[in-house]
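Peer 1: mind folding the following:
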Amino acid sequence: MPIDLQEHTKRIVKIITDWLKNGNSHITAPVRCTLNGITPATYFISIVKVHSDEFFVQEIFSSDVRGQIVYRSWTFRRQDQWFIAALEHFSKSVPYTSIRPQVEDFVRRLEIILELQSRGGAFFTETAAKAPEYLSVDLPSDSELERTGVFKRLNRSFARHSVAYTVSAMAAGLVLLIGVHIIRVNILEDEMSASLREYTSQMDSQVQTFIESTEDEIVTLIQDLQENRKNFTFDRQNSYISVLRMAEELPNFLPARKRAYRLIAENISQATTYSEVFFEMSRLPTEEYQARIFLATNRQSVIPLSQSAPVFSRMVYPVKLENEKNDGRGFRITDGYMQQRQDPVGTGGLSPHYAVDIINVSNISYVNHAGEIIREGNHAGYVVAAYNGTVIDQAYDSRYGWHTEIEHALTDEVKEKYPDAGKWSTYYAHLKEKPLLVPGDTVEMNQVISEIGDTGKSTGPHLHFEVRVYHPSGSYVKDGEYYDKVNPYPAEKEDAQ
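Peer 2: The predicted model follows:
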């Protein structure tokens, strides 16, 4: 191996070792970038310590449009010294003669991440301009990736690292029934190790000779790995059943974990590779608060606000982003109306949620190992009036923080749905600060009330939004008037089906 390539390898291994410290795995904080010059995305690196002399590293791009795509997979191994035992780009093996530019690009990306970390975090404004220029990439289309086998074929990286992934899953309290075939794969890996080591140490002129002399052996190994695929369906089904069973065995006072386990089980049933199965297993939350964060940020579990139809037809969405239309895009309903949930701030007990909680998804970057939401620093958004009306309340309390209530004209639509209604209103809570509007002020539809905040008992910036209908037989009372809380978004838009 040329000196400069060996030095790059030493540098990469040194960074990996520093990040792992005494642990067996590490995921770097996502850094913002773009795909194909226009699609917002994040870039991060996943590291698994297979054993003291081997690391498995993946570079991953994630976006709402393309999902998660493995850009490159690296295997670093040590015998006399550290070397690159395998490298795959979009799940295709990179030949020895083409390794150098890939290594130089990876080192450059690592140096950028280290520089960002040294400035106090990956999301500070002063570092935002430089990272996307070097981290952004052009990705093939999904159809081209399918042809390369990114989504369908079992690559050799799983065969080399199946034991490490299995140990990690068992450490979380799971038993993944991989099967006897994995033992065969490990034996094959030992047989391949010496050949791969020799391959990477040969000069370019010797590579072709080596390949020709071991052609029969390589073909045999590939056939054995292909045979291993036949067991995948069986293993995937066992994993699905195991997670589903754990979901059913969880007690009813852990509703978020139950829901998260069922969702992950469904994802496992649709997995096409072992790496996808292991990824889903690694996401199983062990605490209720972690499950709530998972459900709040997972695209499959949240309801896009833009697809929700209001209870009264002329209402607009109660949130918007600065300088953007009020179309509900970028916001999600994390807790829906009548959803049974445990108190999110730790007071205990289960109760229905007679409102909707709305968050700005772009304000959430990722969830760290402690289950905490790491926020990117984006503005949480604005709270706006959902309908023309008059402010009838503005106050602060320990539960809902700063809040305000706006009364609206009693329309024919409201009377038709609630014949005994005397009036109706909308209620907005957890506002960032005291609203400028006071009781008696008139407001117009889409007028800004305040910024989205987290005052009161709140797990993070979000809007608690209610629609109230006042009538004599209501379940709640305020200033001597009875009212009920009705579902603000009882159905999806017809054009969203």
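Peer 1: pLDDT (mean, whole number) over stretch 328-344?
Peer 2: Per-residue pLDDT over stretch 328-344 has a mean of 66.
Peer 1: what's the local residue count around residue 480?
Peer 2: If you count neighbours by other C-beta atoms under 10 Å, residue 480 ends up with 5. (C-beta placed from N, C-alpha, C; glycine too.)
Peer 1: can you pull the contacts of it?
Peer 2: Neighbour list for residue 480: empty [criterion: C-beta atoms under 8 Å, 6 or more residues apart in numbering].
Peer 1: so it versus residue 390, what's the distance?
Peer 2: Relative to residue 390, residue 480 is positioned 19 Å away (C-beta to C-beta, to the nearest Å).
Peer 1: repeat that for residue 378.
Peer 2: Applying C-beta to C-beta, the value for residue 378 to residue 390 is 33 Å.
Peer 1: again with residue 488
Peer 2: In this view, residue 488 and residue 390 are 19 Å apart by C-beta to C-beta.
Peer 1: neighbour count for the two, which is higher?
Peer 2: The neighbour comparison of residue 488 against residue 390 (other C-beta under 10 Å) goes to residue 488, with 25 against 16.
Peer 1: okay, and the helix or strand of the chain with the least pLDDT?
Peer 2: helix 156-171 (a mean of 43; mean pLDDT, DSSP states H and E).
Peer 1: quick one, domains of this structure?
Peer 2: 3-152, 167-284, 303-496 (automatic domain parsing).
Peer 1: can you pull the contacts of residue 138?
Peer 2: Going by C-beta under 8 Å, 6+ apart, residue 138 touches 35, 36, 37.
Peer 1: my guess is the first one contacts residue 136, does it?
Peer 2: Yes: Residue 35 is within contact range of residue 136, at 7.0 Å (criterion: C-beta atoms under 8 Å).
Peer 1: pull up the overlap in contacts between the two.
Peer 2: Overlap of the contact sets of residue 35 and residue 136 (by C-beta under 8 Å, 6+ apart) consists of residue 41.
Peer 1: out of the domains of the chain, nearest to residue 291?
Peer 2: For these, proximity to residue 291 was assessed by C-beta to C-beta; domain 167-284 is nearest, at 3.7 Å.
Peer 1: mind listing residues that contact stretch 389-399?
Peer 2: Under C-beta under 8 Å, 6+ apart, the answer for stretch 389-399 is 402-409, 425-426, 434-435, 437-443, 455-457.
Peer 1: swap in 6 Å and give it another go.
Peer 2: Here stretch 389-399 makes contact (C-beta atoms under 6 Å, 6 or more residues apart in numbering) with 402, 404-408, 435, 437-439, 441-443, 456-457.
Peer 1: those: which two are farthest apart?
Peer 2: Among the contacts of stretch 389-399, the pair separated by the greatest distance (C-beta to C-beta) is 442 and 457, at 30.7 Å.
Peer 1: those two: which is more packed in?
Peer 2: More neighbours surround residue 457 than the other of residue 442 and residue 457, with 16 against 12 (other C-beta under 10 Å).
Peer 1: what number of residues lie near residue 306?
Peer 2: Quick note: residue 306 (other C-beta under 10 Å) scores 14 neighbours.
Peer 1: and if you look at the one 5 residues further on?
Peer 2: Other residues near residue 311 number 19, with proximity taken as other C-beta under 10 Å.
Peer 1: can you check my assumption that residue 439 lies in a helix?
Peer 2: No: with DSSP: H, G, I helix; E, B strand; the rest coil as the criterion, residue 439 is located in coil rather than a helix.
Peer 1: checking the residue nearest to it when sequence neighbours are not counted next. Helix, strand or coil?
Peer 2: Nearest non-adjacent residue to residue 439, counting by C-beta to C-beta, 6 or more residues apart in numbering: residue 391, 5.2 Å away. Secondary structure assignment for residue 391 (three-state DSSP): strand.
Peer 1: ok, back up a step: closest one to residue 293 among the domains of the chain?
Peer 2: Among the domains of the chain, if distance is taken as C-beta to C-beta, the winner is domain 303-496, at 5.2 Å.
Peer 1: just give me the neighbour total for the closest residue to residue 53 other than its chain neighbours.
Peer 2: If the residues on either side of it in the chain are set aside, residue 53 comes closest to residue 78, at 4.2 Å by C-beta to C-beta, 6+ apart. For residue 78, the neighbour count with other C-beta under 10 Å is 14.
Peer 1: hang on, residue 78 packs against residue 52?
Peer 2: No: Residue 78 lies out of contact with residue 52 (C-beta atoms under 6 Å); the separation is 8.1 Å.
Peer 1: the helix or strand where residue 404 lies: which residues count as buried?
Peer 2: Applying DSSP states H and E as the criterion places residue 404 in strand 401-408. Using 16 or more other C-beta atoms under 10 Å as the burial criterion, the residues of strand 401-408 that qualify are 401, 402, 403, 404, 405, 406, 407, 408.
Peer 1: which residues touch the third one?
Peer 2: What it means is residue 403. residue 429.
Peer 1: return the distance of residue 99 relative to residue 139.
Peer 2: 21 Å.
Peer 1: equivalent analysis for residue 63, please.
Peer 2: When residue 63 is compared with residue 139 (using C-beta to C-beta), they lie 9 Å apart.
Peer 1: hey, what's in contact with both of the two?
Peer 2: Common neighbours of residue 63 and residue 139 (C-beta under 6 Å, 6+ apart) are residue 35.
Peer 1: burial count for residue 112?
Peer 2: By other C-beta under 10 Å, the residues close to residue 112 number 19.
Peer 1: doesn't it lie inside a helix?
Peer 2: Yes: assessed with three-state DSSP, residue 112 lies in a helix.
Peer 1: tell me the SS of residue 315?
Peer 2: For residue 315, the assignment made with three-state DSSP gives coil.
Peer 1: contacting residues around it?
Peer 2: 386, 387.
Peer 1: pLDDT at it, what is it?
Peer 2: pLDDT, residue 315: 95.
Peer 1: ok, it to residue 295 distance?
Peer 2: 26 Å.
Peer 1: JSON lines for the domains of the chain, including distance to residue 291?
Peer 2: What follows is those, written out as JSON lines (distance: least, C-beta to C-beta, whole Å):
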{"stretch": "domain 3-152", "distance to residue 291": "19"}
{"stretch": "domain 167-284", "distance to residue 291": "4"}
{"stretch": "domain 303-496", "distance to residue 291": "9"}
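Peer 1: any idea which of those scores lowest on pLDDT?
Peer 2: domain 167-284 (a mean of 68).
Peer 1: tell me the strands beside the host helix or strand of residue 58, with direction?
Peer 2: Using DSSP H and E, residue 58 sits within strand 54-63. If you go by DSSP bridges, strand 54-63 pairs up with strand 39-51 (antiparallel), strand 67-78 (antiparallel).
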